[in-house]
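S.K.: The following block contains a protein sequence and its predicted model.
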Amino acid sequence: VAVPRIAAARAAARTPGMLARLAAVARRRPGPVAAGVAFGLLGLSAPFVFGVDLANSDARALPASAEAHRLQAAVQRDFNGGQADPVVVVVDTDPSGAEVRDFMNTLNTLDGVLRVAPRPEVAGPVAIVDVTPEAGPVSRDVVRAVRALEVPFPVLVGGAAAELVDYRDSVAGRFPLALLVVVLSTVVLLFVLTGSLVIPVKALLMNALTLLATLGALVVVFQWGAGDTLLGFSSWGAIDVTTPVLLFVFVFGLSMDYEVFLLARIQEERDVHAGIVKSGPVVTAAALCIGVVFAGFLLGDLIAVKEIGFAMVVALLIDVTVVRGLLLPAAMTLLGDWNWWSPAPLRRLHDRWFAPPVRGAVEPLVSASGR
């Protein structure tokens, strides 16, 4: 009885997995496959690049049946007339002076401002002014316009819109440093592993495509509301401002895990296709396990949690199938021996301090395509 079982197990082991079958397609027509996948992922990223609206989550991100959600909707409908929350401006000068009146007149002339009203309560020698903007992203433009005014006295700008502007400016100001750290660490790690500078650059580009395509799908579903009923939520017309930051960490980390895993196996097998075939089942099983975990996030009620769960599931599907199964082998087939290129000084440094790289590892894959 054991012999047939062993034979069946060996036969199953010889059956090519999903990644192996996708890699076989990519190696037969590497040019069209690489171009098609790259343009497809770029097209999927367009909604995020050109149309994302990042905002702070509020009661609208709760289920429609939640009491806080219903309260905010009632306040906006019955008391605020659907208008945006005011931008709070604190003027540090005599509130009864002519300068404050001139400043308020200037505020009235700004684009997107509906109403300017001073608050009757005054705490000390300051004036507090509520600037009501038009609804939507115009609130952020009003905040920037007020802060850009040149006045002879200190002016502080607060409120929900100002908090969002400050958060986005903080992220944008520090993102280049975070990106530099990620890029340098990736290049160093993959250079130590492979002795190549081409492979790290290729890995960064593929990871960026995965992340941007994931964010594009997120905008379509959660900002535009495509399929929101199916996922059990009502779109509030924006993406939580913290979601792209978290996804940058999660998606890039997972993508690099799979990249390093595949490249290490390719180095061990000394063959691109064999490395994908041997590591494919493990990569697929790992992606399924992580995907089940993040799919559980979709069962929650908070839209911000659903965003993370949906995006991670999409990222896993894109990265494990399209990127690792098609784009990676197609790109390595097209590049050939250039996959393992690095300048001579760096090559000598790598040969001296680290294991020498495997050269010509793409030859079996290239020859299999008939070239």
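M.R.: Cool, got the structure.

S.K.: buried ones in the host helix or strand of L41?
M.R.: Under DSSP states H and E, the secondary-structure element containing L41 is helix 30-51. Applying a neighbour-count criterion of 16 or more other C-beta atoms under 10 Å, one finds 30, 33-34, 37-38, 40-41, 44-45, 47-48 buried in helix 30-51. Heads up, the C-betas are built off the backbone N, CA and C, glycines and all.

S.K.: Please apply the same query to stretch 67-74.
M.R.: Applying a neighbour-count criterion of 16+ other C-beta under 10 Å, one finds 69, 72 buried in stretch 67-74.

S.K.: got it, and stretch 104-113?
M.R.: The neighbour-count criterion (16+ other C-beta under 10 Å) identifies 104, 107, 110, 112-113 as the buried residues of stretch 104-113.

S.K.: contacts for that stretch?
M.R.: 89, 116, 118, 129, 131-134, 138-139, 141-142, 145-146, 149 (C-beta atoms under 8 Å, 6 or more residues apart in numbering).

S.K.: and if we set it to 10 Å?
M.R.: Counting by C-beta atoms under 10 Å, 6 or more residues apart in numbering, stretch 104-113 makes contact with 84, 87, 89, 91, 114-118, 127, 129, 131-142, 145-146, 148-149, 151, all of which sit outside it.

S.K.: Can you flag which of these belong to helices?
M.R.: Residues of those located in helices (DSSP state H): 138-142, 145-146, 148.

S.K.: residues near V292, how many?
M.R.: Using other C-beta atoms under 10 Å, the number of residues around V292 comes to 10.

S.K.: Tell me which helix or strand it sits in.
M.R.: Using DSSP H and E, the element containing V292 is helix 272-295.

S.K.: Just give me the neighbour total for R348.
M.R.: Each residue near R348 was counted by other C-beta under 10 Å, and the total is 11.

S.K.: I'd like to know how far it sits from S342.
M.R.: Counting by C-beta to C-beta, to the nearest Å, the gap between R348 and S342 amounts to 10 Å.

S.K.: One more: A127?
M.R.: Here the criterion is C-beta to C-beta. By it, A127 lies 63 Å from S342.

S.K.: And A178, by the same measure?
M.R.: Separation of A178 from S342 (C-beta to C-beta) stands at 26 Å.

S.K.: more crowded one of the two?
M.R.: Legend: neighbour count by other C-beta under 10 Å for A178 and S342, higher for S342 (19 against 13).

S.K.: Hmm, the more buried one is touching L197, no?
M.R.: Yes. Taking C-beta atoms under 10 Å as the definition, S342 is a contact partner of L197 at 4.5 Å.

S.K.: Now do the shared contacts for the two.
M.R.: Contacts common to S342 and L197, judged by C-beta under 10 Å, 6+ apart, are F191.

S.K.: before we move on, the earlier item: now the contacts of stretch 104-113: which count as buried?
M.R.: Neighbour counting by 16+ other C-beta under 10 Å classes 84, 87, 89, 91, 114, 116, 118, 127, 129, 131-133, 137-142, 145-146 among the contacts of stretch 104-113 as buried.

S.K.: What helix or strand is S342 located in?
M.R.: Since the elements are taken from DSSP H and E, S342 ends up inside neither a helix nor a strand.
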